[in-house]
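1. Provided below for reference: sequence and predicted model.
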Amino acid sequence: GDSVTQMEGPVTLSEEAFLTINCTYTATGYPSLFWYVQYPGEGLQLLLKATKADDKGSNKGFEATYRKETTSFHLEKGSVQVSDSAVYFCALSDRGSSASKIIFGSGTRLSIRP
Amino acid sequence: GAVVSQHPSRVICKSGTSVKIECRSLDFQATTMFWYRQFPKQSLMLMATSNEGSKATYEQGVEKDKFLINHASLTLSTLTVTSAHPEDSSFYICSARDDVNYGYTFGSGTRLTVV
């Protein structure tokens, strides 16, 4: 079945450092790909998404490019802030299907030091 | 943007009692909603898919008699944890899928503590 694998955390960086969180997927169809962020004690917020190959999702300085050839959707940010500390989930869904659902990776906890 | 309201945000109940959690899409219709459970420092585990007007589809290993799901309208799904026990303590999150654009929106979660 479809699955998502993302790098294990925790990841600890200094403020203004460059961030990469790796994510690869396995899917039989042509999924949509997502990054969600979860702040402590809260639900999930959609950070960005991409629906087809070579699409780049971006939001709040974060970017991820849908790479079909490497089945990857790595999350990047050029200069992280303390406020970016959270748990990040990579996810996919089988787009366009009435039976589609979201499958999540295991999550990566990010901590940013001032 | 799309908003999903989930209530309550926190609940403490005694063992043996039942707890109902509501998930409501505020500005869109959602024939399909999802219920997840999240253990501390872990990912979200899909419990069931809630379908308006029909029975929910449960994931393997999830007790349907324990976790009752009702999706009586296009904007509301409820999860009832029946005869709760301490091991049911967890963070429960719902998600609603927009019928028009298939976008997913998550609720803010419910922290259930069974004492």
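-> Cool, got the structure.
2. so B:Y104 sits right up against A:S100, yeah?
-> No. Using CB atoms under 8 Å, B:Y104 is not in contact with A:S100; the gap is 9.2 Å. C-beta: built from backbone N, CA, C; applies to glycine.
3. who touches both of the two?
-> Residues touching both B:Y104 and A:S100 (CB atoms under 8 Å, 6 or more residues apart in numbering or on different chains): A:S93, B:R97.
4. Compare these two (neighbour count), which wins?
-> Between B:Y104 and A:S100, counted using other CB atoms under 10 Å in any protein chain shown, B:Y104 has the larger neighbour count: 26 against 20.
5. Tell me how many other residues crowd B:T105.
-> With other CB under 10 Å as criterion, B:T105 counts 23.
6. measure A:E16 to chain B for me?
-> 27 Å (CB to the nearest CB, to the nearest Å).
7. Not including adjacent chain positions, what is the nearest residue to that residue?
-> Among residues not flanking A:E16 along the chain, A:S79 sits closest, at 4.7 Å (CB to CB, 6 or more residues apart in numbering or on different chains).
8. B:Y102 versus the one you found, what's the distance?
-> Between A:S79 and B:Y102 the computed distance is 33 Å (CB to CB, to the nearest Å).
9. So between these two, which is more surrounded?
-> Counting neighbours by other CB under 10 Å for A:S79 and for B:Y102 shows that B:Y102 has the greater number, 16 against 11.
10. doesn't A:I102 make contact with the more buried one?
-> No. Contact criterion CB under 8 Å: B:Y102 and A:I102 do not qualify, at 10.7 Å.
11. which residues touch B:T105?
-> With contacts defined as CB under 8 Å, 6+ apart, the neighbours of B:T105 are A:L46, B:G1, B:A2, B:V3, B:V4, B:S25, B:F28, B:S95, B:A96, B:D98.
12. Tell me the helix or strand right after the helix or strand of chain A with the lowest mean pLDDT.
-> Of all helical and strand segments in chain A, the minimum by mean pLDDT, DSSP states H and E falls on strand A:102-104, at a mean of 89. Reading on from strand A:102-104 to the C-terminus, the next helix or strand found by DSSP states H and E is strand A:108-113.
13. can you give me the strands for the chain?
-> I'll assume chain A. A:3-6, A:11-14, A:19-21, A:23-26, A:32-38, A:44-50, A:56-59, A:62-65, A:75-77, A:86-93, A:102-104, A:108-113 (DSSP state E).
14. Chain B is the one I meant
-> Using DSSP E, strands in chain B cover B:4-7, B:10-13, B:19-25, B:32-38, B:44-51, B:57-58, B:67-73, B:76-81, B:90-97, B:104-106, B:110-114.
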